[in-house]
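One predicted model, sequence on top.
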Amino acid sequence: MTYRVTLIPGDGIGPEVTQAARTVAAATGVDIEWVVAEAGEVAIRSKGTPLPDDVLDSIRATRVALKGPITTPIGGGFRSVNVALRQTLDLFASVRPARAIAGEGTRFPDVDLIVVREATEGLYSGVEHWVDRDHSAAETVNVITRKASDRICRFAFDLAVREHRHRVTAVHKANIMKTTGALFQSAFQAVAKGYPSITADERLVDNMCMQLAKKPEEYDVLVTTNLFGDILSDLCAGLAGGLGIAPGGLYGESIAVFEPVHGSAPKYAGQDKANPVAEILSLEMMLRHLGEAKAADRVYRAVWETVAEKKVVTYDLALPGYTDRPVPPSSCSAMAAEIARKVPLVDPSTPLPRRAGAAGKGPGIDPNLET
Ligand code: NAD
């Protein structure tokens, strides 16, 4: 069958990394008709708005999209296209797996956790104002509802069951935010009662950051509110090897949009330099969502082998300071071509090699792999 998928190339490095994902998608043999829809800076130039209606209409029609990052001006300027997209399409669950790939670029080769972030409310509700005319004070309202908290916690536990995960940890700040934090906490506790086979526990967000910096491999699924989830998912991306390899999926009741955790990295735009893996692993998540698990397994394995082999990798996986095995950096398109070349050749049925001495979940690096 042919899948119709909306493709939003986005800003900065977005067009390069989405093109890389298309190259890999073509190698899977899954028949995808890409419906290209422009949002962000390019849409401002052509249509006068960063999020034209036809983008939303396209996603409503196809029900699935692959997206590149979109620039959001800091302070003034237009409201975030990413936030508007999530709120307008009610994409309430942002799912960001943080998996070390082949033990590369990380001090934590066994890290394998998933951050589930509520993506429609909290401090991203857009309810904010200056308190006085002098702009000497300002307020941003943190909107937390029982409905959205209940929905995201249920999503996290269902995901844990589906993915054979054993533990869901709620992250909040209920000791200080006695209403909003406590509401999220009580929704979590109520939902957890329905999943007796999953260990449910809680961490205050500050303590969670310290725990993650020390022993991230002990955590499994984290569920949290919008701002904490944004921050924690970048932290976890860094623990697992960097923004260049961190994918994401945004799920609503019937629509899903897949995008990397990283932004538009304007300083690398047009240089064919950015790591395409985060966008390619977002494609992997999309293929799973479409029910194409075998193709998704091939994509993951081809990425894993390319990273582990380390012959054709971008600067962030190649240079001293990022790795103890420096190699000459390759371009974004060369790395994508190498992953695409491997897609039909890999054998996902064989277990991933483990790093010597590795413990716990997740793949590790094979000490015998050629370097
Ligand atoms: P960023 O993720 O774009 O870049 C931060 C740094 O991380 C880069 O300078 C680069 O060193 C590195 N990096 C990021 N992606 C990489 C890749 N694929 N390969 C190699 N290195 C990579 O974060 P930023 O600079 O804070 O944000 C830039 C713009 O992107 C802002 O306008 C921000 O609002 C936007 N943004 C969009 C999204 C989204 O569309 N979902 C997400 C985050 C940020």
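Yep, that arrived.

Over to stretch 185-203 now: how far is its first residue from its last?
In stretch 185-203, first residue to last residue: 10 Å (Cα to Cα, to the nearest Å).

what does it contact?
With Cβ atoms under 8 Å, 6 or more residues apart in numbering as the test, stretch 185-203 has contacts from 146, 149-150, 153-154, 157, 160-161, 165-172, 174, 211, 223. For the C-beta atoms, the positions are set from N, CA and C on the backbone; glycine is no exception.

Now, these that are in strands?
167-172, 223 (DSSP state E).

Just the buried subset of the contacts of stretch 185-203, please.
149-150, 153-154, 157, 160, 165, 168-172, 174, 223 (16 or more other Cβ atoms under 10 Å).

Tabulate these (TSV), appending pLDDT and distance to residue 137.
Listed next are those as TSV, based on pLDDT from 0 to 100; distance: Cβ to Cβ, whole Å:
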residue	pLDDT	distance to residue 137
149	98	29
150	98	34
153	98	34
154	98	38
157	98	40
160	97	42
165	96	43
168	98	38
169	98	35
170	98	32
171	98	29
172	97	26
174	94	26
223	98	33
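
Would you mind listing the buried residues in the lowest-mean-pLDDT helix or strand in the chain?
Using mean pLDDT, DSSP states H and E, helix 81-88 stands out as the lowest-scoring helix or strand of the chain, at a mean of 88. Buried residues in helix 81-88, counting neighbours by 16+ other Cβ under 10 Å, are found at 81-87.

tell me, what residue is most central in the chain?
Nearest to the mean C-alpha position of the chain, by Cα atoms, centre = their mean, lies residue 248 at 2.2 Å.

So for that residue, what's the nearest residue that isn't a sequence neighbour?
In this structure, residue 248 finds its nearest non-sequential neighbour in residue 96, 4.6 Å apart by Cβ to Cβ, 6 or more residues apart in numbering.

Same check on residue 224?
Counting by Cβ to Cβ, 6+ apart, the residue nearest residue 224 is residue 171, at 3.9 Å.

who are the neighbours in contact with the one you found?
202-205, 208, 222-224, 228-229, 232.

Let me know how buried residue 54 is, in neighbour terms.
Residue 54 has 13 neighbouring residues, counting by other Cβ atoms under 10 Å.

so which helix or strand takes in it?
helix 53-62 (DSSP states H and E).

thought residue 226 was touching residue 124?
Yes: Residue 226 is in contact with residue 124 according to Cβ atoms under 8 Å; the separation is 4.7 Å.

I figured residue 108 hits residue 217, correct?
Yes: using Cβ under 8 Å, residue 108 is in contact with residue 217, at 6.1 Å.

These two: which has the busier surroundings?
Per other Cβ under 10 Å, whichever of residue 108 and residue 217 has more neighbours is residue 108, with 22 against 19.
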